[in-house]
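**Student:** Sequence plus the predicted model coming up.
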Amino acid sequence: MSLTIDDRAIASTLLLESGDRLYNMADLEEGRTQEILAAIKQIRQKISWKPDKAQIHLAKRIRLGHLSSQATLEDYQSLIRAILNNKEAKLYIFIYESIIYPTVVANFEQRLWLVMFGLTGILETAFPPNNPELYLANPAFLYLGFLKDWEQ
Amino acid sequence: MNKLLTYYCQSLEFPDVSGAEHLELIEIREELASIESELTEAEKRQLSIADSQLIKKAARFYAELSRFINLKRKREAEQISPEHWWWYLDVLAHLPQSLYTQEISVSY
């Protein structure tokens, strides 16, 4: 039986309480799975930002030392593409009020970066959390497994 | 300066990035509260200045943050007290901007 997003949010909480964060792929609605994979495919093909957001995110990455002071938007987007194409990347989804944000997580130069986007393939953000373990422990995140396993 | 405090201060310069990043910002403020007694006096002053920035920009931070968390529900679920005011950005967002734009002179 397929679960609705709300059902899965509840199930996720229960799984978290039992210490098991891996969500079973088979439990994800087929339609949702296809939407997530389509969004990943789309953002790999073209990184699209929300209006006026690209430079703000770039400026913050530079300010926090995540990127060099000389980094350009193209540098930032190259890094994002590297995360999205990393063979060891892990796939999470962040769910809030039935809205799903696929999130791809991988290492880049000794930092764990995450790339979060909407099901429309529009980039939400890409950054290395200060404490990735704590950040990803947010119960709104569901860990789905390795991205490569989803794309087989 | 304390690394976490620096991270907090610098992040406050960017209220218009994704609310997904603001989730981290609030958690960092929570972490700072737990180590506040370990901060130097200068760091405490810096934290105070940074906090005033967060309050001043509460509406802008909350506009993004509200797409990722229901703060009221979070407070109720975890019984977060008002002393941890950074979890009340949804409330602080309603403070009149005139509080910050007017020069207030006080005579004693």
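**Tutor:** Structure's in. What do you need? Numbering: from 1, shown residues only, chains lettered A, B, ... in the order given.
**Student:** Please name the nearest non-neighbouring residue to whatever residue of chain B ends up closest to chain A.
**Tutor:** When distances are taken as Cβ to the nearest Cβ, chain B reaches nearest to chain A at residue B:18, 3.7 Å away. Every C-beta, even on glycine, is put in place using the N, C-alpha and C of the backbone. Closest residue in space to residue B:18, ignoring its immediate chain neighbours: residue A:125 at 3.7 Å, by Cβ to Cβ, 6 or more residues apart in numbering or on different chains.
**Student:** Now do residue B:104, the pLDDT please.
**Tutor:** For residue B:104, the pLDDT comes out at 51.
**Student:** Was I right to think the residue nearest to residue B:18 contacts residue B:14?
**Tutor:** No. The pair residue A:125 and residue B:14 does not pass the contact test of Cβ atoms under 8 Å, sitting 10.8 Å apart.
**Student:** ok, how many other residues are close to the residue of chain B closest to chain A?
**Tutor:** Using other Cβ atoms under 10 Å in any protein chain shown, residue B:18 has 24 other residues around it.
**Student:** That one and residue A:149: what is the separation?
**Tutor:** Spatial separation of residue B:18 from residue A:149 under the definition Cβ to Cβ, to the nearest Å is 27 Å.
**Student:** ok, the residue in chain A that chain B sits nearest to - contacts?
**Tutor:** Across chain A, the shortest distance to chain B (Cβ to the nearest Cβ) belongs to residue A:125, at 3.7 Å. Residue A:125 makes contact with A:57, A:115-116, B:17-18, B:20-21, according to Cβ atoms under 8 Å, 6 or more residues apart in numbering or on different chains.
**Student:** one more time with 6 Å, if that's ok
**Tutor:** With Cβ atoms under 6 Å, 6 or more residues apart in numbering or on different chains as the criterion, the residues that contact residue A:125 are A:116, B:18, B:20-21.
**Student:** quick one: which of those residues is nearest residue A:61?
**Tutor:** Nearest to residue A:61, judged by Cβ to Cβ, of the contacts of residue A:125 is residue B:21 at 10.3 Å.
**Student:** Let's verify the closest one: helix, strand, or coil?
**Tutor:** helix (DSSP: H, G, I helix; E, B strand; the rest coil).
**Student:** how many other residues sit next to it?
**Tutor:** Residue B:21 has 24 nearby residues by other Cβ under 10 Å.
**Student:** Please report phi then psi for residue A:49.
**Tutor:** According to degrees, to the nearest 10, the main-chain angles of residue A:49 amount to phi -100, psi 160.
**Student:** how about the residue lying closest to it once chain neighbours are set aside, secondary structure?
**Tutor:** Closest residue to residue A:49 apart from its sequence neighbours, by Cβ to Cβ, 6+ apart: residue A:123 at 5.3 Å. Classification of residue A:123 into helix, strand or coil gives strand, according to three-state DSSP.
**Student:** Could you give the bridge partners of residue A:123?
**Tutor:** residue A:49, residue A:117 (DSSP bridges).
**Student:** hang on, it packs against residue A:117?
**Tutor:** Yes. Counting by Cβ atoms under 6 Å, residue A:117 is a contact partner of residue A:123 at 5.0 Å.
**Student:** Compare those two (neighbour count), which wins?
**Tutor:** When neighbours are counted by other Cβ under 10 Å, residue A:123 and residue A:117 differ, and residue A:117 comes out ahead with 24 against 20.
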